[in-house]
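Colleague: Provided below for reference: sequence and predicted model.
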Amino acid sequence: MRIEKTRLTLVVGVLGTAMTVLATLDSANAQRRGRGGPPTVPTQEQWEASAEAQSRVATAMTLAGSDLRPQAESFCSATGPLRLALARQAAGLPPIENYTIEPTRVFDNMYFIGMSSQNTWAITTSEGIILLDTLNSADEARDVIVPSLQKVGLDPADIEYIVIGHGHPGQSDHTGGALYLQQTYGAKVMMHPLDAAQVLPNQRPDRPLATPDSDAIPGETLTLGDTTVTFVHIPGHTPGSLGVIVPVTYNGTPHTVMTFAATQMPTRETLMQFERTFYEFARPMNVEAALNFHAGGLQDDFTLLESIRNDRSAPNPYLYGPERFDRWMSIMIECGRARLAAMGR
Ligand SMILES: [Zn+2]
């Protein structure tokens, strides 16, 4: 717990004040985030010089009011929100070790399982577990996912499906544990075919990816026992980045939440797809919480998880409610439009 407090200070710093530090990010960083392709975010100079971008920032800040101000400041920056490791790098801080987070029952039927840098979500159903993402490697699947599930009373042998939210060629940070879980427990692996097509031929030799058993197609659903989840498309970070909309309950009350493989929308087309996902799925389905796979990237997960572990009778801090989630998503899209304007796209 003491270690988490230390990290907590860092995260609070990242969310609260690091936006100015992030302002020092330059075009080299933009290039890096594009992983060798065209820049995916504007330079700080482009960002500041674009009148349209700045007017969209103002719109986003108005939408934010006071309750979503930190989130709006995080989204409405030249880089957009950065996960903890990248935010530290951008701020010139040394890397911190990746450590196991206390597994947490965030909703009655959904658990945060994983590490400070990458995490997974386990959805429990009447006929087994749907696991979203798999950490970096077989070692982490064996030494983090399996014991964390057991610690909260779940049996890893009950993992029926693994849904991988996205994958990068040559990287394994969401995909690396899938093969171990597939081979050890017979879990069926699902992934968007566009990401499978780019990842499978370009695997890290030391971290082979499971061959997916089936495709996760946006707009389609997966039903296991009493639970049906919906796949939605949020491309931009990778071509096949997925959101998963999940019905949950908290202390018995039903809610709908959505996981985000990523929030980047570096082109007009990807922004339009985010809008479609918002208007056709998230809003009509009354989504009211955004869940991430890099703790600290979208909200201060470290604090939120701790508060849930300490007091389950209080309102769940992940649940924004539909109205606030609607503004949060509108802010994300408005800031995406601002970055596109700053890049002249
Ligand atoms: Zn990624």
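Modeller: The structure has been received and is ready for your questions. Residues are numbered from 1 along each chain as shown.
Colleague: Okay, the residue nearest to residue 201 when sequence neighbours are not counted and residue 239: tell me how far apart.
Modeller: Excluding its sequence neighbours, the residue lying closest to residue 201 (CB to CB, 6 or more residues apart in numbering) is residue 169, at 7.7 Å. No exception for glycine: its C-beta is placed from N, CA and C like everyone else's. According to CB to CB, to the nearest Å, residue 169 and residue 239 sit 11 Å apart.
Colleague: since we're on residue 143, how many residues are nearby?
Modeller: If you count neighbours by other CB atoms under 10 Å, residue 143 ends up with 14.
Colleague: try residue 310
Modeller: Per other CB under 10 Å, the neighbour tally for residue 310 reads 8.
Colleague: likewise residue 55?
Modeller: Residue 55: 12 surrounding residues under other CB under 10 Å.
Colleague: which residue is nearest the centroid of the chain?
Modeller: Centroid-nearest residue in the chain: residue 292, 2.7 Å away (criterion: CA atoms, centre = their mean).
Colleague: Enumerate every residue touching residue 288.
Modeller: Contact partners of residue 288, counting by CB atoms under 8 Å, 6 or more residues apart in numbering, are 255, 256, 257, 319, 320, 321, 322, 324, 325.
Colleague: What about the residues you listed, which one has the most neighbours?
Modeller: residue 257 (25 neighbours).
Colleague: ok so that residue is a strand residue?
Modeller: Yes: counting by DSSP: H, G, I helix; E, B strand; the rest coil, residue 257 is part of a strand.
Colleague: Might one say that it is in contact with residue 286?
Modeller: No: assessed by CB atoms under 8 Å, residue 257 is found out of contact with residue 286, at 10.3 Å.
Colleague: Specify the local secondary structure of residue 81.
Modeller: Under three-state DSSP, residue 81 falls in the coil class.
Colleague: What residues does it make contact with?
Modeller: Here residue 81 is in contact with 74, 75, 263, 297, 298 (CB under 8 Å, 6+ apart).
Colleague: Need phi/psi at the fourth one.
Modeller: Residue 297 adopts backbone torsions of phi -80, psi -40, taken as degrees, to the nearest 10.
Colleague: do the second one as well
Modeller: In terms of degrees, to the nearest 10, the main-chain angles of residue 75 are phi -70, psi -40.
Colleague: In contact with it, which residues are there?
Modeller: 60, 81, 263, 331, 332, 335, 336.
Colleague: Spell out, range by range, the strands that occur in this protein.
Modeller: For the chain, the strands defined by DSSP state E cover 104-107, 110-114, 119-125, 128-132, 159-164, 188-191, 214-215, 221-224, 227-233, 242-250, 253-260, 287-291.
Colleague: which strands and helices sit next to the first one?
Modeller: Which is strand 104-107. With contacts defined as 3 or more CB pairs under 8 Å, 6 or more residues apart in numbering; DSSP states H and E, strand 104-107 has these neighbours: strand 110-114, strand 242-250, helix 301-310.
Colleague: Make JSON lines from those and add mean pLDDT and distance to residue 162 to it.
Modeller: Shown next, in JSON lines, are the helices and strands packed on strand 104-107 (pLDDT from 0 to 100; distance: least, CB to CB, whole Å):
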{"stretch": "strand 110-114", "mean pLDDT": "98", "distance to residue 162": "12"}
{"stretch": "strand 242-250", "mean pLDDT": "98", "distance to residue 162": "12"}
{"stretch": "helix 301-310", "mean pLDDT": "97", "distance to residue 162": "21"}
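Colleague: ranking these by burial, who's on top?
Modeller: Using mean count of other CB atoms under 10 Å, the stretch among the helices and strands packed on strand 104-107 with the largest mean neighbour count is strand 110-114, at a mean of 26.
Colleague: tell me the angle it makes with strand 242-250.
Modeller: Using axes from the mean of the first three to the mean of the last three CA atoms, to 10 degrees, the inter-axis angle of strand 110-114 relative to strand 242-250 is 120 degrees.
Colleague: Strand 110-114 pairs with which strands, parallel or anti?
Modeller: With DSSP bridges as the test, strand 110-114 is paired with strand 104-107 (antiparallel), strand 119-125 (antiparallel).
Colleague: which other residues reach it?
Modeller: Contact with strand 110-114 is made by 100-101, 103-106, 119-124, 131, 133, 135, 144-145, 148-149, 152, 154, 246, 248, 257, 295, 301, 305, as judged by CB under 8 Å, 6+ apart.
Colleague: one step back: confirm for me that the residue nearest to the centre of the chain is in contact with residue 298.
Modeller: Yes: the pair residue 292 and residue 298 qualifies as a contact (CB under 8 Å) at a distance of 4.4 Å.
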